[in-house]
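Enquirer: need a 3D model of the sequence below.
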Amino acid sequence: MNIQLNRDNEFIEDFEQALESNESMSSWELFNMSYLAAKATVTPEFKGLTAPGHLPHMDFLPHQLECAQQVVEEMNGRGLLADEVGLGKTIEAGLILKEYMIRGLVTKALILVPASLVNQWVLELNQKFYIPAVSQGKRPVWDQDGIIVTSIDTAKRPPHRDIILDQSYDFVLIDEAHKLKNHKTKNYEFVRALKKKYCLLLTATPVQNRLSDIFNLVSILKPGYLGNYEDFTANFGKDRKNLFNDEYLKQLVQKVMVRNRREDTAVDWTKRKVETVWINFSEAELNTYNMLREISSQSSSFASITLTRELCSSREACYLSVKKMIDNNPGMALRQQFEEVLAEIEKLPHHAKAEKVVELIKNKDEKFIIFTEYRASQLYLQWYLQQHGISSVPFRGGFKRSKKDWMKQLFQNHAQVLIATEAGGEGINLQFCSNMINYDLPWNPMRLEQRIGRIHRFGQKEDVHIYNLAIKDTMEEQVLNLLYEKIQLFERVVGNLDAILAELEITDVENEINSIFLESQSEGEAKVKLENLSSVISFTQERHFQQKEGQDGNRESS
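Expert: Below you'll find the model as predicted:
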């Protein structure tokens, strides 16, 4: 590095003249003001946080302050923030960024988040932290200083990619970082290639299926920290249970990861009040369901399970799927039987679930978020609620970012109901709403926790009411009774369920349940298999709980 020193002759001459004539260099008032200004902005030592003193309007929780201080003081600004859903990872990240900006160590930052959350991040950084963040426009200027928020999909596309990779960033942040766990993806390669001084990765699920997940994430933060992949697997294997059982590995990971759980924080959480709402199909609906179940049992296709699930959601969802299947497969087996099902669906009255939703919401001056698995059900519900004078807005993955923001604002300020598909289960914060209806229960319990985390999170002032709709004498009754109720997923926060499923080598609960229904010869067989699945999960869950109690007891006694 070449450093050029230039002699300022004019200053030296003025300085010598002032000394010879005994003149004052400047007034005492100006000198004192300059001194006080410098004193007010200087950080006398690197320990402790200065940012909270500049944000008196913010009430930080102890675990958030501890997290920020740990990242700044012990992790050198490179950390994996892995708090459970709703504990304020965004707050922690904003506090860390603000701290570095106050210290003069960050002037250029790149924040990569899901496209639907770009505007939300910009607003929070500006309003809560007074950080002048901007979202990329149609013509982004990547090579200038500033805090830019964009989606990783935009950043990795030409011509942006080459310009961004040519920059040197003081600070890089990636939200929903668990999506980078596969080192073979273009997203992983792009993030790994970014030139960055400080780096934060945010995710509520740092390890999902394999121990390599944590290896890949840590390698973005600190390349080589865990050695190369061959040495890592040789030392610790590929079983993610080692993350919790191997003390040396646990110590290594704790030096780069902060993970707070709800039960370990000082937050006085509002209650979850859960109510299962049982629904009876009308005679015509039940006959059509059994008819479809009988036909589906003769088919080994995965679609047959989907059709019965869709009929439990809405006539529209099931009708459209059957019609598409018939139209796209002229020579399909069981064509006549499926055409008869279509004819029966056309005769059905309004769906029993939709009627129950109106009964729950009607005449209540409260906001509700409704989750459904199917877009056709979403459209039907919006129309049906309108017929009963209930205002609603949709929210789904196909919307552009601006439309998602618009829907959220309409819900907050005008509409009574937000009807969301699974896209609403990730990222958006809806603390102003305290009522949720699970119109269709997901068969993956982790997705359920994401849904609940939209309203039962830090900042929620009211008790949260969760209504789970299930139709009797259908597969919904079996899944609700034998999976959710038995392992108490509604009352307990999911917490370590991801670890429990990995220990049982269950990578996807939904696929397990689909396989059970697909491979069972009768309803009774499916029921027994579901009972076995829930018993194994429940037993492992209880063992984990007892181990944790024992560890807590040992810490207290010591």
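
Enquirer: is residue 190 part of a helix or strand, or is it coil?
Expert: Recorded secondary structure, residue 190: helix (DSSP: H, G, I helix; E, B strand; the rest coil).

Enquirer: the nearest residue to it once chain neighbours are set aside: neighbour count?
Expert: Excluding the flanking residues, the one nearest residue 190 by C-beta to C-beta, 6 or more residues apart in numbering is residue 156, at 4.5 Å. For glycine as for every other residue, the C-beta is placed from the backbone atoms N, C-alpha and C. Counted with other C-beta atoms under 10 Å, the neighbours of residue 156 add up to 18.

Enquirer: which ones are touching residue 156?
Expert: 186, 187, 190 (C-beta atoms under 8 Å, 6 or more residues apart in numbering).

Enquirer: what's the closest of those residues to residue 26?
Expert: residue 190 (51.5 Å; C-beta to C-beta).

Enquirer: from residue 222, how far off is residue 77?
Expert: 11 Å (C-beta to C-beta, to the nearest Å).

Enquirer: in terms of neighbours, single out the busier of those two.
Expert: residue 77 (21 against 15).

Enquirer: contact partners for the more buried one?
Expert: When contacts are counted by C-beta under 8 Å, 6+ apart, residue 77 touches 71, 96, 100, 171, 197, 198, 199, 200.

Enquirer: please pull out the lowest mean pLDDT helix or strand from this structure.
Expert: Counting by mean pLDDT, DSSP states H and E, the chain has its least confident helix or strand at helix 242-245, which shows a mean of 51.

Enquirer: which neighbours do residue 77 and residue 222 share?
Expert: Contacts common to residue 77 and residue 222, judged by C-beta under 8 Å, 6+ apart, are absent.

Enquirer: if we can go back for a sec, okay if I get the contacts of residue 77 as a markdown table plus pLDDT and neighbour count?
Expert: Formatted as a markdown table, these follow (pLDDT from 0 to 100; neighbours: other C-beta atoms under 10 Å):
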| residue | pLDDT | neighbour count |
| --- | --- | --- |
| 71 | 93 | 25 |
| 96 | 95 | 27 |
| 100 | 94 | 20 |
| 171 | 96 | 23 |
| 197 | 94 | 17 |
| 198 | 95 | 23 |
| 199 | 94 | 21 |
| 200 | 94 | 25 |
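
Enquirer: nearest to residue 216 among the residues you listed?
Expert: Of all the contacts of residue 77, the one sitting nearest residue 216 is residue 199; the distance, using C-beta to C-beta, is 13.9 Å.

Enquirer: in the stretch 51-200 of the chain, which spans are strands?
Expert: In the stretch 51-200 of the chain, the strands defined using DSSP state E, counting those that start in this stretch lie at 78-81, 108-113, 133-135, 146-151, 168-174, 195-202.

Enquirer: what mean pLDDT does stretch 79-89 have?
Expert: Averaged across stretch 79-89, pLDDT comes to 85.

Enquirer: for it, give me every contacting residue.
Expert: So stretch 79-89 is contacted by 61, 63-64, 67, 70-71, 92-93, 177, 200-206, 217-218, 221, 256-262, 265, 267, 449-450, 453, 456-458, 493, 495 (C-beta under 8 Å, 6+ apart).

Enquirer: in helices, which of those fall?
Expert: 63, 64, 67, 70, 71, 92, 93, 217, 218, 221, 449, 450 (DSSP state H).

Enquirer: on that earlier part again, for residue 535, which of the strands of the stretch 51-200 of the chain is the nearest?
Expert: For residue 535, the closest of the strands of the stretch 51-200 of the chain is strand 78-81, at 34.1 Å, according to C-beta to C-beta.
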